[in-house]
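> Provided below for reference: sequence and predicted model.
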Amino acid sequence: GRERETEGDRGEGRRGERSCVAARVRDGTGRLEMRRAGVDSSKPLGQPQRARGRDEKEVTMEQNESKMKRIFGFELSDFRSWHRFVCLLHRPTDPASLGVFRLLFGLLMTIDIPQERGLSSLDHRYFDDLVVCRFPLFNFLKPLPLDWMYVVFVVMWLGAVGIMLGCFYRLSCLIFSITYWYNFFLDKTSWNNHSYLYGLIGFQLTFVDANRYWSVDGLRNPKKRNAQVPLWNYTLLRTQIFIVYFIAGIKKLDADWVEGYSMNQLAGHWLFDPFKLLLSEELVNLLVVHGGGLVLDLTAGYLLFFNATRPFALIFVSYFHCMNSQLFNIGMFSYTMLATSPLFCYPDWPRPIIRRFPAFLKHVSPLTESPGRSASCVYPSDTQGGEGIGQRSGSTRAPHTLRQQLGAAFAVLYIAEQFFLPYSHFITQGYNNWTNGLYGYSWDMMVHSRSHQHVKITYKDGVTGEIGYLNPGVWTQSRRWKDHADMLKQYSGCLAQELRRYNIVDPEIYFDIWVSINDRFQQRLFDPRVDVVRADWSPFRKTSWLMPLLVNLSPWRLKFEEIEKTLDNQTDVVFIADFPGLHLENFVSEDLGNTSIQVLQGELAVEIVAEKKNFSLKEGEKMQVRSQVIHDTASSPDPRTNQPPFPLTPSTPHAASARPA
């Protein structure tokens, strides 16, 4: 007997997904049967030997390709022509999993908008009379008056509600995406990977048919209710999540991550206490935090894709995201990633679960019967003369609709763009600092940690030469500007504009910012001698006033650990490296009465400004620094290596936090 492939047949691949190419099986009478477009045509065994040989070869090829389909859900023949590829991307697929994800994403966004997006604090951020420097991606972008900003955020929230309910779905996705990306571009200081991901998902949902299941639109329009969706709807979202995992793993191949310096404070969290029963905290940091994070990101996308490994992957990624929700203040990101995991399962996974619901929930539960046909999909009956295996080149085929062609093109271009963007920093070189690009679209999650030791803003009147100092962070609500040249340029222009109101003519602005990245030396990030107001900056050229990161000194971190182990718990220590010819002025407060400077390498000149006394320190030498005085340290190159010197500064034994030079 023969079994006809049905739309619900899994075929060890995606349930509810079906190729539009011709399928051939041998029937019980020994005839080779070819099925296409729901029509059976057979060839008798008495046909010429050449034809029989060709058919047997085709059967062998099809059997080999069916193994690939059982594993991957598609065959190589699906990529042999654009027509076949469009057929594959528009293979009819169950909408259930997509509909559940739409509902969960919309729900999470309705929670995120009042919290991380800032609806609950709009009056603080956008008060009409507030004097504040802002950092939009494009300088022409300005916030609307406060009342209109409330309108923008309420419209965004209503769009999220519409997505959740599947009500006026396209319109809801459109207004959510427009208002979300407007708010996103309005403030670069709030950029992070998960905020970027939310905007991408909202953009994708605008084009996919996620309202075909469990939606208000399905109740309003029977044609949309429980109708199949094209396979590319799932392909787009699955590939996006794969990119999030895999590119994050590639970025974690950075030496700092592999050696355990990026997130070395996490091992002390109580979540890792079970691992400490078997491993020391140092090994937990290296093997569990960094090693485990690297392996999970590199493999999660692959493990979720294959049937055999998916159950294990779901357990591990769920545990991973639950831990992240406790370790970091990342809003709804962990829960959004949890909501994306079922997208890799069979598309009809919700239906068996819903069938087990109690009877009184049947009226509000989504449908459990098989989905119906949709005009968005390509069915075998739609491809007369389609290119099956061994199809003659002279056969005819029905052309795909323009919408189907555009859908396939959009999926390909979008996926290619998402793979390209994390490595596009060679184009936008102006946004590169010690790390490449603005933090957000590169998926370099948690790879770099920073600590700021010293920030000084100096202004100078361009006419009188009068010099003054500004409180770091004045006229701004964010601290992210300290790490990015583009934001520093915007901030300097804003400060110059505000200083003119205080009769400072043609002000010059200088920034002296000291940063340590991944436990390296504290060092200057930007040249403190450059007037940033007049400094050149372009998004497509390297920033000339960016100081180089002293990566050649990274091995000193092992020495840092040795020194810190010799100190008691009440002593703080700061490791500083400076460039020849530059100096650092600092004030030692009264509570830092036991502060000293020790030179690790090179030479250092120390001036006690009030007493006009100068001291010269060489490698290994140490001096005590009096409190309540200003001292000025100037570095000289090491005569042996011409490298910057590295003073070591333990602070007072009774200060938990100190800021000595």
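All right, it came through fine.
> can you tell me what sits against the host helix or strand of Ile201?
Using DSSP states H and E, Ile201 falls within helix 193-207. The contact list for helix 193-207, computed with Cβ atoms under 8 Å, 6 or more residues apart in numbering, reads 102, 105, 109, 112, 116, 163, 170, 173-174, 176-177, 180-181, 184, 236-237, 240, 244, 248, 330-333, 336, 407, 410, 414, 418, 439-445. All C-beta spots, glycine's among them, are computed from the backbone N, C-alpha and C.
> buried ones only from those, please, as a PyMOL command.
A single PyMOL command selects the buried members of the contacts of helix 193-207 (16 or more other Cβ atoms under 10 Å):
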select buried, resi 102+105+109+112+116+163+173+174+176+177+180+184+236+237+240+244+248+330+331+332+333+336+407+414+418+439+440+441+442+443+444+445
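> pLDDT on the helix holding Ile201, on average?
Average pLDDT, helix 193-207: 96.
> now stretch 601-613
Averaging pLDDT along stretch 601-613 yields 85.
> from here on, count from 890
Sure, I'll start numbering at 890, so the last one becomes stretch 1490-1502.
> before we move on, back to that, buried residues in the helix or strand following the helix holding Ile1090?
Toward the C-terminus, helix 1082-1096 is succeeded by helix 1105-1109 as the next helix or strand (DSSP H and E). Using 16+ other Cβ under 10 Å as the test for burial, helix 1105-1109 gives 1106-1107.
> and after helix 1105-1109, which helix or strand comes next?
strand 1118-1119.
> what does that following strand rub up against?
By Cβ under 8 Å, 6+ apart, strand 1118-1119 touches 978-984, 987, 1097-1099, 1101, 1263, 1265-1267, 1293, 1296.
> can you map out the strands along the stretch 1240-1389 of the chain?
For the stretch 1240-1389 of the chain, the strands defined by DSSP state E, counting those that start in this stretch cover 1339-1349, 1356-1359.
> may I see those arranged in a markdown table, with distance to Glu1171, mean pLDDT and mean neighbour count as well?
Putting the strands of the stretch 1240-1389 of the chain into a markdown table (distance: least, Cβ to Cβ, whole Å; pLDDT from 0 to 100; neighbours: other Cβ atoms under 10 Å) gives the following:
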| stretch | distance to Glu1171 | mean pLDDT | mean neighbour count |
| --- | --- | --- | --- |
| strand 1339-1349 | 20 | 93 | 17 |
| strand 1356-1359 | 42 | 95 | 12 |
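> quick one: closest of those to Trp1238.
Nearest to Trp1238, of all the strands of the stretch 1240-1389 of the chain, is strand 1339-1349, at 42.0 Å by Cβ to Cβ.
> can you list the strands that the closest one pairs with?
Here strand 1339-1349 is paired, per DSSP bridges, with strand 1356-1359 (antiparallel), strand 1397-1406 (antiparallel).
> among those strands, which is the most enclosed?
Most buried of these, by mean neighbour count (mean count of other Cβ atoms under 10 Å): strand 1397-1406, with a mean of 21.
> which neighbouring elements make contact with the helix or strand just after it?
Later in the chain than strand 1397-1406, the nearest helix or strand by DSSP H and E is strand 1412-1413. In terms of contact count using 3 or more Cβ pairs under 8 Å, 6 or more residues apart in numbering; DSSP states H and E, strand 1412-1413 is assigned the packing partners strand 1397-1406.
> how distant is the strand it packs on from the center of its chain?
27 Å (Cα atoms, centre = their mean, to the nearest Å).
> low-confidence regions, the stretch 890-1039 of the chain specifically.
Scanning the stretch 890-1039 of the chain for pLDDT under 70 picks out 890-954.
> from Trp1146, how far out is Phe1308?
Separation of Phe1308 from Trp1146 (Cβ to Cβ, to the nearest Å): 21 Å.
> again with Asn1100
41 Å.
> neighbour-wise, which of the two wins?
Legend: neighbour count by other Cβ atoms under 10 Å for Asn1100 and Trp1146, higher for Asn1100 (31 against 23).
> now do the more buried one, the pLDDT please.
96.
> correct me, but it touches Gly1055?
Yes. Between Asn1100 and Gly1055 there is a contact under Cβ atoms under 8 Å: 4.0 Å.
> phi and psi next, for the nearest residue to Gln1366 once chain neighbours are set aside.
Excluding the flanking residues, the one nearest Gln1366 by Cβ to Cβ, 6 or more residues apart in numbering is Val1021, at 6.0 Å. According to degrees, to the nearest 10, the main-chain angles of Val1021 amount to phi -150, psi 140.
> Val1021 - how many residues pack around it?
15.
> quick one: contacts for it?
Each residue near Val1021 by Cβ under 8 Å, 6+ apart is listed here: 1364-1366.
> would Ser1485 count as being in a strand?
Yes. The assignment for Ser1485 by DSSP: H, G, I helix; E, B strand; the rest coil puts it in a strand.
> which residues does it form a beta bridge with?
Under the criterion DSSP bridges, Ser1485 forms beta bridges with Gln1513.
> stretch 1205-1225: how far from the chain's middle?
Taking Cα atoms, centre = their mean, the mean C-alpha location of stretch 1205-1225 is offset from the chain mean by 14 Å.
> contacts for that stretch?
994, 997-998, 1000-1001, 1004-1005, 1081-1083, 1086-1087, 1090, 1155, 1158, 1160, 1185, 1189, 1192-1193, 1226-1227, 1230, 1335.
> what average pLDDT does it get?
95.
> stretch 1414-1421 now?
96.
> tally of neighbours for the nearest residue to Ile1316 once chain neighbours are set aside?
Counting by Cβ to Cβ, 6+ apart, Phe1429 is the residue found nearest to Ile1316 once chain neighbours are left out, at 6.8 Å. The number of residues packed near Phe1429 is 10, by other Cβ under 10 Å.
> need phi/psi at Phe1429.
According to degrees, to the nearest 10, Phe1429 has phi -110, psi 10.
> so how far is Ser1230 from it?
Phe1429 is 39 Å from Ser1230, by Cβ to Cβ.
> would you confirm that Gly1007 contacts Asp1001?
No. Contact between Gly1007 and Asp1001 fails when scored by Cβ under 8 Å: they sit 10.1 Å apart.
> just to revisit the earlier point, Lys1077 is nearest to which of the strands of the stretch 1240-1389 of the chain?
Nearest of these (Cβ to Cβ): strand 1339-1349, 16.3 Å.
> Arg969 and Ala1297, how far apart?
Arg969 is 15 Å from Ala1297, by Cβ to Cβ.
> so between these two, which is more surrounded?
Ala1297 (21 against 13).
> so which strand or helix has Val1133?
Judged by DSSP H and E, Val1133 forms part of helix 1120-1140.
> got the angle between that helix and helix 1082-1096?
Orientation of helix 1120-1140 against helix 1082-1096 (axes from the mean of the first three to the mean of the last three Cα atoms, to 10 degrees) gives an angle of 160 degrees.
> what's the next secondary structure element after helix 1120-1140?
helix 1144-1147.
> counting by contacts, list what that following helix packs against.
Counting by 3+ Cβ pairs under 8 Å, 6+ apart, helix 1144-1147 packs on helix 1182-1194.
> fine by me, we can end here.
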